[in-house]
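[1] got a sequence here, can you model it:
(one chain, ligands or ions: 2)
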Amino acid sequence: MSKVTGYRATDRPGEVELVGLTRRDLRPDDVEVRISHCGVCHTDLHALSGSAAGRGGTPLVPGHEFVGEVVATGPAVTSFAVGDPVAVGNIVDSCGTCAMCVAGQENMCVEFPTLTYGGTDRVDGSTTLGGWSSSYVVREDFVYHRPPALDPAAVAPLMCAGVTVWEPLRVWGAGPGTRVGVVGLGGLGHLAVKLAVALGAEVTVFTRTADKAADARALGAHRVVLSTDEQDMAAAGESLDLVIDCVPGAHEVGPYLRTLALDGTLVVVGHLGEVRVDAMDLLRARRRLASSGSAGRARTQELLDFCGEHGVTADVETVPSAQVATALERLGRNDVRYRFTLDLRDLG
Ligand SMILES: [Zn+2]
Ligand SMILES: [Zn+2]
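    Ligands and ions are numbered 1, 2, ... in the order given. A predicted model of the protein is given here:
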């Protein structure tokens, strides 16, 4: 066991404190990553505010989109060497043998993938502790090479927010000649816009407030539709092939479904709860309603490679990890453009 430091939930909802933690000794196929930056995701906020979730016995250390450098490798590791720039996302293991894993969708492993924090290690049964920490020990199969030329702080959010929107863009074929809509311009949405533009698609952003239009265009959007304006929405009818819906709360999807052209698909990635749909909105134009979450190993590496080639990163506000409380409080008010990353090098 090695001694490290990290931010663990306290008994008070939404609060973390810096404590000493232990990481396991390297197994043959393990890599130890010294973490430089980790994103602050809505999932972290949710986990920390949950009713005593992860507290009272089970330690909760958030953080599941981090980057750093390999500092040690187990004897069976073949893909990484000490000094490699790497990234880790929201899963750190899976069964490897089920139909989903065999299909490269480890994120949907039927035995449930091991989450980066709050998961149960498949070997020793311990609870996984996340990336708001000075280092992490992880199987090499769930470590990814990151483009060294990109700002590591801005790469970290690609590992959760990025893959979450990359998967539907790739599954539903966003590219030259396709028309992609993005609903909700936050951590997920701003990356959906950048990635869809980089893929060569024509991108429309739906926003509720006119003052976000300039932001959307700055991210590369070709068209902005004011979703609160019925005329604007009606004019956008049947004009898109794929809509990525990143709105985090419950909302009506009908208005966005109606912007889809023949055989178009609306993919809900923000609100993972009940969705009400009028089948007539599906019948007209033979539309489809879908969802996806995160991505498998191959597609995660594909995203990082693509971002390296196209210079795509998240728009981040980086703060020393000592300011994690401020980041959490501001994220709770959606006061960030568009993602916080913690600089964990202050942990020494
Ligand atoms: Zn996340
Ligand atoms: Zn599996």
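
[2] all helices of the stretch 151-300 of the chain, in order?
    Counting by DSSP state H, counting those that start in this stretch, the stretch 151-300 of the chain has helices at residues 152-155, 161-171, 187-199, 213-218, 230-235, 254-257, 279-283, 297-310.

[3] can you redo these as CSV with mean neighbour count, mean pLDDT and distance to ligand 1?
    Yep, even glycine has a C-beta here, placed from its N, CA and C like the rest. Output for the helices of the stretch 151-300 of the chain, formatted as CSV (neighbours: other C-beta atoms under 10 Å; pLDDT from 0 to 100; distance: least, C-beta to the ion, whole Å):
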stretch, mean neighbour count, mean pLDDT, distance to ligand 1
helix 152-155, 24, 98, 14
helix 161-171, 25, 98, 7
helix 187-199, 27, 97, 8
helix 213-218, 16, 95, 22
helix 230-235, 12, 96, 30
helix 254-257, 20, 98, 23
helix 279-283, 12, 98, 29
helix 297-310, 18, 98, 13
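
[4] so which residues on this protein come close to ligand 1?
    For the chain, the residues found near ligand 1 under the criterion C-beta under 5 Å from the ion are 41, 43, 160.

[5] so what's the first one up against?
    Each residue near residue 41 by C-beta atoms under 8 Å, 6 or more residues apart in numbering is listed here: 64, 65, 157, 160, 161, 187, 339.

[6] equivalent analysis for the second one, please.
    Residue 43 is in contact with 62, 64, 90, 160, counting by C-beta under 8 Å, 6+ apart.

[7] and the residue lying closest to the last one once chain neighbours are set aside, backbone torsions?
    If the residues on either side of it in the chain are set aside, residue 160 comes closest to residue 65, at 4.0 Å by C-beta to C-beta, 6 or more residues apart in numbering. The phi and psi torsions at residue 65 (degrees, to the nearest 10) take the values phi -150, psi 90.

[8] does residue 65 touch residue 156 like I think?
    Yes: counting by C-beta atoms under 8 Å, residue 65 sits close enough to residue 156 to count as a contact (5.0 Å).

[9] higher neighbour count, the two?
    Applying other C-beta atoms under 10 Å to residue 65 and residue 156 shows that residue 156 carries more neighbours, namely 37 against 31.

[10] number of residues surrounding the closest residue to ligand 1 within the stretch 51-200 of the chain?
    Nearest residue of the stretch 51-200 of the chain to ligand 1: residue 160, at 3.3 Å (C-beta to the ion). The number of residues packed around residue 160, counting by other C-beta under 10 Å, is 26.

[11] any idea how far it lies from residue 243?
    If you measure residue 160 against residue 243 using C-beta to C-beta, to the nearest Å, the figure is 21 Å.

[12] check residue 177 too.
    Per C-beta to C-beta, residue 177 is found 16 Å from residue 243.

[13] who has more neighbours out of these two?
    Neighbour comparison, residue 177 and residue 243: the larger count goes to residue 243, with 28 against 10 (by other C-beta under 10 Å).

[14] hmm, back to that, distance to ligand 2 added to the helices of the stretch 151-300 of the chain, as TSV?
    Below are these laid out as TSV (distance: least, C-beta to the ion, whole Å):
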stretch	distance to ligand 2
helix 152-155	27
helix 161-171	17
helix 187-199	25
helix 213-218	38
helix 230-235	41
helix 254-257	32
helix 279-283	31
helix 297-310	12
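
[15] to residue 263, which of those lies closest?
    Each of the helices of the stretch 151-300 of the chain was scored for nearness to residue 263 using C-beta to C-beta, and the closest is helix 279-283 (11.1 Å).

[16] what's the burial count for the nearest residue to residue 342 once chain neighbours are set aside?
    Nearest residue to residue 342 in three dimensions, chain neighbours excluded: residue 321, at 4.3 Å (C-beta to C-beta, 6+ apart). Residue crowding around residue 321 was assessed by other C-beta under 10 Å; the count is 25.

[17] residue 321 touches residue 16, doesn't it?
    No: with contact taken as C-beta under 8 Å, residue 321 and residue 16 are classed as non-touching, separated by 9.8 Å.

[18] next up, the contacts around the residue of the stretch 201-348 of the chain at minimum distance from ligand 1.
    Here the residue of the stretch 201-348 of the chain nearest ligand 1 is residue 294; by C-beta to the ion that distance is 8.3 Å. Remark: with contacts taken as C-beta under 8 Å, 6+ apart, residue 294 is in contact with 89, 90, 91, 107, 160, 163, 164, 167.

[19] could you do residue 305 as well?
    residue 147.

[20] and what of the one 3 residues further on?
    Listed by C-beta under 8 Å, 6+ apart, the contact partners of residue 308 are 146, 147, 149, 150.

[21] let me know the pLDDT of residue 55.
    Confidence per residue is given as pLDDT, and for residue 55 that number is 49.

[22] which SSE is immediately downstream of the lowest-mean-pLDDT helix or strand in the chain?
    For the chain, using mean pLDDT, DSSP states H and E, the weakest element among its helices and strands is helix 42-49, scoring a mean of 91. Scanning the chain past helix 42-49 towards its C-terminal end, the next helix or strand to appear is strand 66-73 (assignment: DSSP states H and E).

[23] for that following strand, buried residues please.
    Neighbour-count burial for strand 66-73, counted by 16 or more other C-beta atoms under 10 Å, picks out 66, 67, 68, 69, 70, 72, 73.

[24] who's the third one bridged to?
    Taking DSSP bridges, one finds residue 35, residue 86 as the beta-bridge partners of residue 68.

[25] distance-wise, check it relative to ligand 2.
    Plainly put, residue 68 is 26 Å away from ligand 2 if you go by C-beta to the ion, to the nearest Å.
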